[in-house]
Structure formats: C-alpha cells, structure tokens
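Chemist: Give me the fold of what follows.
(chains A and B)
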Amino acid sequence: MKLSFFLITMASALAVQSCKMKSAESAAGGDAAARTYVAPGKYDELYNFVSGGFNGQVSVYGLPSGRLLKLIPVFSVHPENGYGYSEETKPMLETSFGFVPWDDQHHLALSQTNGEHDGRWLFANANNTPRVGRIDLKTFKTVEIIELPNSGGNHSSPFITENTEYVIAGTRFAVPIANQESALDNDSYKKNFKSTASFIGVDKNTGHMSVSFQIILPGMDLDLSRAGKGPSHGWFFFSTYNTEQASTLLEVNASQKDKDFIVAVNWKKAEEYVKAGKAKKMATEYYHNQLNEETHTAASEVIREVLTLDPEELKDIVYLIPCPKSPHGCDVDPSGEYIIGSGKLAALIPVFSYQKFIKAIEDKAFEGEYNGIPVIKYEAALHGEVQKPGLGPLHTEFDGKGNAYTSFFVSSEIVKWSIKDLKVLDRVPTYYSIGHLMVPGGDTRKPYGKYVVAYNKITKDRYLPTGPELAQSAQLYSIDGDKMQLLLDFPTIGEPHYAQAIPAEKIKDQSVKFYDINKNKHPYASPGEKATKVVREGNVVHVYMTAIRSHLTPDNIEGIQVGDEVYFHVTNLEQDWDIPHGFAIKHAPNAELLIMPGETSTLKFVPVKPGVYPFYCTDFCSALHQEMQGYLRVSPKGSNVPLKWGTGEQEPVAAR
Amino acid sequence: MMNLRYLITFSLALLLALTGCGGSQDKSTEEQSSSSTAQADNSLVAAKPADADPKGIGKFRDVKLTHPLDEAMVQKGREIAEVKCTSCHRLTEEKLVGPGWKGVTDRRTPEWIMNFITNVDEMLDKDPEAQSMLELCMVRMPNQNLTDDEARAILEYLRKNDGKN
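Modeler: Numbers count the residues shown, from 1 in each chain, chains lettered A, B, ... in the order given. I've put the predicted structure just below:
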C-alpha cells in the first residue's frame, strides 16, 4: 500500500518538477548577487562544515559566498597531504578489521555548551565501518576516531547533547550482536538481530571520547536522531524504519506498516542505571585512535569490553512513539518542546509534544508493547500534524522564531511552516531533490538564522555538463523576511548530507598558525639542521630531515640498499603561517607528505630496485622552490657503499 | 529571462563600480588587504623611501649592549639559532640562502638587527637595506616568530661571532 502511494507521489513530483524547472533561473532575486558577494580579501560571515558523503571527508565552505576553504580528511585517505599514508596518521584509520581507507561520511555535529555551538570540536560519523571522528577546530585536523562495537552501520550519528555530554551513535542496520553469524530470513532477523544506541561520553576539557554505554534495542533500522534540549534535555529521540523486521527487499517489506516509531531514550535514567551497576559488561573489541598533538603522531588502543543496558529489563529507559510511514528526520525545535518526525512516505508531518509525551508516560497511555518496550498512543503524544506540506518530507531545521523549515525530496522544495499552529507559510523550489537542509545553528537552542542551505542530490542541467557523473549542490536561501529567497547555487564535492554552520567569530581567532618547533616532541624530530642525520638499524634506516626555504637537509643520501625500510622523518623548521613544505620521492608507492610549520611527518619508502631516486618539495614555497630537491642513492642488497649524507658543505666551526 | 540576466549583470557592474570608488570600503577591509599584501613577495616593485633609518623599522629604538658579553645569552642565542637560523646562515662571510653572519654587527645597528629578525615582513617590504638584501638573496627571510628575549640572545650570539666583548 505504501509502495503504490510512493509511486504516485513520485509521478506527481516529476510532473510538478518539470513545471518548476522552467522558472529555475528566475528564482534568484535581483539583490541576490550583492547579498552573496564577498569582496576579494574579505572574510565570509560563517563557516559551513559540510559532510562529504561517499568521499569520507568534510569540506569547509564560507557563507554566504559558497567559496570552498578546506577539505578535512576524516575517514578517507588523502594523498594530497599524506593523511592515512604518513606513519603518523596511519593509526587513525585502524579498526578491529584492519586499516580501512574509506568511509561514507553523512552527518556532522559542532560541540555545544548550554545548547549553543561553542566552536571547539566538530564530530563526524562514518556510516559504513561504524565510527565517530572528532576534528579540532583550532587546527581543522582529525584528532580522534572511535570505532563502535555491536553496530551494523552508524547512520543516526553523531548528534549531540546540549553540553556535549554525549555524542550518539545509533545503528542503521540491525545485526546480530558481537559479529555473530546468522541465517538471513525474517525469523532469524526477529530472533538474532539487534539495534544499538551507543552513548559516547565526551571529556569536557580534552574532548576525548569513550563509549559510556550501549542500549540494546530490538532489531530495526535507527535512522536519524536528536537530543532533547532545555526541558527535554536528558532524552534522545531516534527515528526508525523497518520495524517490520524484514531482512530482504526493504523497499517493499519495510513499507508495510502505516507507522514506525520514534524511539525515546531517557539517557539520564540510563546513566543512573549504569552508576547503580545495572549495566552488563560484554566482551568485544574495538579501536580508539587518538592524535598526540605534541608528537604529531596518532596511536591506537584496543578496547575489549563495553557496558550494555537492556530496555526489556530496565523498563523506564526506552519508550516508543508511533510515527507515520518510515520516518527519516527526527528533529527537536529550539525550545526543546516539539519533536518533528518526517515520514518519507507520509503526506503529513507529525509534531509531537514533549510535555504530552511525559504526561502519556505518567498516565500509562500505552497502546501495547513492541518487543517488550512500551508503545505510547499516537494521539497522546501528538501536538498536531502539518497537513499536505509537500511530498517526501526528510529533515527539519528551525530559525528560533517559531518557524520550521522542512526539506521535501520528492517534490524538491523547502517548506516553511509555523510550529505552534502547523500552518504552511511559504515554499521554495530546490534544484533538485533536496536531502538535508541546514539553518546556521538551526539544531541548537539559539539558531543564528538568516539563511537556510539546501543540499541537493541531483543537479542535472544546473551546471556545464561533465559527463555522466555530475556534482551535487548546495543552495543558499535568505530567511530574513517572510518569504524565502534563493541567493546562491554552488556545486559541492562528494555528496553533501547534513552540515553545520557557525559564525566565523567563534572560530577564526583561535586558529593555530604554526606548531612551535620547541614544543615538537616527535621522537624523530630534527629541531634544527644540526640534528639531521641518517641512522641504520639493521635494514631499517631513519632519515632525520629538515625543510626550510628552500632546501632539504640532508639532500644527498648514499648507502641505502634495495629492501631497506627507509623512514623519511621530515621536520619543517619554518615558524610562520602558511609555509608548509611538501616531500615526495620518485617511485614511492605511497603519497606525498605535506608538513606544516614546526611539524614532523614521516614517509616510509622501501626501494625495490637500485638506482638514484630524486626527491623534492611539492609545495611552492619560495622563488627557489624549484631548487628544493635532492637525491637518494640506492645500491643492491649487500653492497658496501657506506652510509653518507649531507647538504652543501660541512658545518662551519661555531663561534665559541 | 534575458532581461533578468541583464539586470543581474548590471547590478553586479553597479556593485563593482560602487566598491571601486573606494569610499565604501571600511577600515577593516583596508587593514585586511594591507596585511595580505604584506605576505606577498612584491617588495621589489614597491616604491622605496629615500632615506633609510639605520635602526630599521620596528619597536626596538634603543638596545642596551652589555660589556663584557653575557655568556648565558650567547649560549641561549646559539641554541635558538641552531633550531631556527643556521639552516640558511653561515657563521662565516659566506652567503648560503641568506648572507653570512660574519661582520653583521659592524654593518648593522643592534636595533636594525633586532627589528629585522622580529619584524621580518614589514622590514622586507619597507626598509631599503633589507630590500637590497632580498634582491641579492631572492628568498624572503622566514618570520621565525622569535620572542624579544630570543632576538636579544641571537644578537648577543652574533656579537660573539664578530669577536665583540
């Protein structure tokens, strides 16, 4: 029944869309150019952190200009700067299943204090190999990645509580706990498959993450989630689909029921149970990788147990609220009172009231149980429904003025509506097929407002054609006035899902400009050219190298043999902003290094043939950058060429 | 639609015309753009002031020298130099990337040296002596972010290198 409805909505959407396409160009208003023009040398108003989807990275754009400022590698290797290739960064991508060089990065959450973005950290989820990463906003570097045990795919993540107490990780795929094997049929699914909601505790001062506890839920797909805020702080809300518990053809089989659930988790209560010793220790294995900013080096630790809570035993930590037709977005308004579920296949948007939900629990207004968990009566928790808002509602953001903005994938539009009286106020087309949308701070207690950005899946005719594969896009709309106004349209890299934006003032002045060379504790650092050397330990050779405008020291190295493991530990001696040096050596089956001022990075190279291997600086650093080069002589194995190195003449006699 | 395109083009042109007048630029823009030009290596084409201040440009106007040399400072200066300076400067008269250090304390005032090594970009952009060195060396000296104390220690090390007492 749901499927046929879906087909009808798709068909009608196409009809609607083809009409709207004609007016695509005329949609931008007359002053749009002025409102998005940021003059050369001027700064943007906002940082926009955008998930990279299948590129596994995070991109940073300026708003309102849409200029790309940076790509931050998180879950995917990045040969451009050596992330995942240098010896220092390799541990970052280690998991209990080995080194994983790629992931699918969907959602982002900026750290919060008192329900507002505080500009300290950015959290990112890995959808495929379940992980959460933390980016330090002083350096825009990935500084920590934690793997999640008992997870089949980390989609409803990394949403965050209002004081960054917890970052959430809810499983998109239910799987048998502890990587167990199981037959793939509906009976086995019901019996063996579980979902988990992991609460990742975040250290207030350091940002360090640890899995505090996991709630083991019945098998279903946890889709998206949001923490409560203000009065509802202490709760977490998840949307779900496939409460039908099908393991195959979910397109049809997970669209059977008229309602799935919003899963409401009382995490304060769960915390109390953990403190009271009610959690069960489960043996497991997962990786926790952290960057040490003094040694510029990441290290992995393996954690072998996790605390779990069973809501079938602990009756008052989880409740289910019926929500129409495979909800996707599950968004909490700035006041913390309203929870909006967006049924992908529904023709309405249900808005739940936190107060009514709490009262329903007190009154025991339950319609029954689902796998031992109480199900609240739909009407008992319902504030109301937005009728006929559009087709295929996905996500909702807020402006802090009582308005909600919902994205509609099928009808390619953003619809503005009033939370209190559930009236549709305005609608604008997107080009095309919007997924997520984002109001700066729109997920916090105090939205910054001013803009809403649409992140679109399809661009078709919007840009010059580039073969079969086209860019996704972002579109910036002003929400200052009563009517939304399209201001700017720009292509994005990767596939943008959720995004965050924060006023530039909260971040820009804390930006690290270089690393203090005197605080560099890298074990192979060369603090000054005098410290450079080449050390052989069996077939392992450590090259202590420095880079400064514009030479590498040593730049002539002899006595290396085929099969040696050569580690180039390159220290950038510069102490000024924006002066990285690069390092690349011919035939290295690896990547380059990009070494920031004051930093040490290491490239491993195992020559397989004798010869002379040129190496050079890859980052244009000065007028004599092209001269910043050298040679490595590689002799056959067992050769008697002695180890020898240097740059130019020997050290002159120091004044003593 | 064509009309609208013209309108957008026109309004962009109008916008450029307005900002081009200069009057609409606020102070922060000017500061920002002047600091960004300070980073660029365009000092060779910049107009040079006629008379050079032998003390250079910067906050050091009167550096008190010690006699005899402060050996603790010399030692500290040597340590700092070995991390941050000697990649490019020899202690002899020989030019490496930058000029050799021998005799620098005879060629320059103590103030000029300290201003140059702490206020690198402004000196390279405005000071005639620093600019003529840049024309010889062709590589802008990196700003190595020395503290005042570190700069003073390096000066002492340079004095030692020149046999001062």
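Chemist: give me the low-pLDDT residue ranges for the stretch 501-650 of chain A?
Modeler: Applying pLDDT under 70 to the stretch 501-650 of chain A flags the ranges A:649-650.
Chemist: Could you tell me which residues of it lie near chain B?
Modeler: Residues of the stretch 501-650 of chain A lying close to chain B by C-beta under 8 Å from any C-beta of the partner chain are A:514, A:517-518, A:527-530, A:546, A:548-551, A:553, A:573-576, A:578-579, A:622-624, A:648. Just so you know, the C-beta spots here come from the backbone N, C-alpha and C atoms, and that holds for glycine as well.
Chemist: of the residues you listed, buried ones?
Modeler: Among these, those scoring as buried are A:514, A:517, A:527-530, A:546, A:548-551, A:553, A:573-576, A:579, A:622 (criterion: 16 or more other C-beta atoms under 10 Å in any protein chain shown).
Chemist: pretty sure A:Thr129 contacts A:Gly98?
Modeler: No. Counting by C-beta atoms under 8 Å, A:Thr129 sits too far from A:Gly98 to count as a contact (10.0 Å).
Chemist: The two: who's more crowded?
Modeler: Comparing A:Thr129 with A:Gly98 by other C-beta atoms under 10 Å in any protein chain shown, the one with more neighbours is A:Thr129, at 20 against 10.
Chemist: Chain B: strands as residue ranges?
Modeler: Listed in chain order, the strands of chain B (DSSP state E) amount to none at all.
Chemist: what residue ranges in it score low on pLDDT?
Modeler: Counting by pLDDT under 70, chain B contains low-confidence residues at B:1-50.
Chemist: if you set the cut-off to 90 instead, what comes out?
Modeler: Applying pLDDT under 90 to the predicted model, the residue ranges of chain B that meet it are B:1-52, B:66, B:96-97, B:137-140, B:165.
Chemist: Can you show me the helices along it?
Modeler: Across chain B, reading from the start of the chain, the helices by DSSP state H fall at B:2-20, B:27-39, B:71-84, B:104-107, B:110-118, B:120-126, B:128-137, B:148-161.
Chemist: Check the stretch 451-600 of chain A too.
Modeler: For the stretch 451-600 of chain A, no helices turn up when DSSP state H, counting those that start in this stretch is the criterion.
Chemist: Likewise for the stretch 301-450 of chain A?
Modeler: Counting by DSSP H, counting those that start in this stretch, the segments of the stretch 301-450 of chain A that form helices are A:354-362, A:378-381.
Chemist: Mind putting those into CSV with mean neighbour count, mean pLDDT and distance to chain B?
Modeler: Below are these laid out as CSV (neighbours: other C-beta atoms under 10 Å in any protein chain shown; pLDDT from 0 to 100; distance: least, C-beta to the nearest C-beta, whole Å):
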stretch, mean neighbour count, mean pLDDT, distance to chain B
helix A:354-362, 17, 98, 44
helix A:378-381, 18, 98, 47
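Chemist: Mind putting these into TSV with distance to A:Met628?
Modeler: What follows is the helices of the stretch 301-450 of chain A, written out as TSV (distance: least, C-beta to C-beta, whole Å):
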stretch	distance to A:Met628
helix A:354-362	61
helix A:378-381	66
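Chemist: The most centrally placed residue in chain A: helix or strand, and which one exactly?
Modeler: The structure's chain A has its C-alpha centroid closest to A:Ala124; by C-alpha atoms, centre = their mean the separation is 2.4 Å. When elements are assigned from DSSP states H and E, A:Ala124 belongs to strand A:116-126.
Chemist: I'd like the next helix or strand past the helix or strand of chain A with the lowest mean pLDDT.
Modeler: The helix or strand with the lowest mean pLDDT-type score in chain A, counting by mean pLDDT, DSSP states H and E, is helix A:2-21 (a mean of 44). On the C-terminal side of helix A:2-21, the closest following helix or strand by DSSP H and E is helix A:32-36.
Chemist: Report whether that following helix contacts chain B.
Modeler: Yes. Helix A:32-36 reaches chain B (C-beta under 8 Å from any C-beta) through A:32-34.
Chemist: between those residues, which is nearest A:Val562?
Modeler: For A:Val562, the nearest member of those is A:Ala33. The distance, counting by C-beta to C-beta, is 60.7 Å.
Chemist: these two touch, right, A:Gln510 and A:Asp136?
Modeler: No. Applying C-beta under 8 Å, one finds A:Gln510 not in contact with A:Asp136, separated by 9.9 Å.
Chemist: Which one of those two is surrounded by more residues?
Modeler: Neighbour totals were compared for A:Gln510 and A:Asp136, and A:Asp136 leads with 18 against 12 (other C-beta under 10 Å).
Chemist: Quick one: classify the residue nearest to the more buried one when sequence neighbours are not counted as helix, strand or coil.
Modeler: In space, not counting the residues next to it along the chain, A:Asp136 is nearest to A:Val143; the distance is 4.6 Å by C-beta to C-beta, 6 or more residues apart in numbering or on different chains. Here A:Val143 is strand, with the state taken from DSSP: H, G, I helix; E, B strand; the rest coil.
Chemist: What separation do you get for A:Val143 and A:Thr89?
Modeler: Between A:Val143 and A:Thr89 the computed distance is 11 Å (C-beta to C-beta, to the nearest Å).
Chemist: neighbour count winner among those two?
Modeler: For A:Val143 versus A:Thr89, neighbours defined as other C-beta under 10 Å are more numerous around A:Thr89 (25 against 21).
Chemist: Apart from its neighbours in sequence, what residue is nearest the more buried one?
Modeler: Spatially, and ignoring its direct neighbours in sequence, A:Thr89 is nearest to A:Tyr83 (5.0 Å; C-beta to C-beta, 6+ apart).
Chemist: what helices or strands is the helix or strand A:Arg633 falls within leaning on?
Modeler: Counting by DSSP H and E, the element that carries A:Arg633 is strand A:629-635. Here strand A:629-635 is seen to pack against strand A:556-561, strand A:611-616 when contacts are counted using 3 or more C-beta pairs under 8 Å, 6 or more residues apart in numbering or on different chains; DSSP states H and E.
Chemist: the inter-axis angle of the first one versus strand A:611-616?
Modeler: Inter-element angle recorded for strand A:556-561 and strand A:611-616: 140 degrees (by axes from the mean of the first three to the mean of the last three C-alpha atoms, to 10 degrees).
Chemist: Brilliant, that's me finished.
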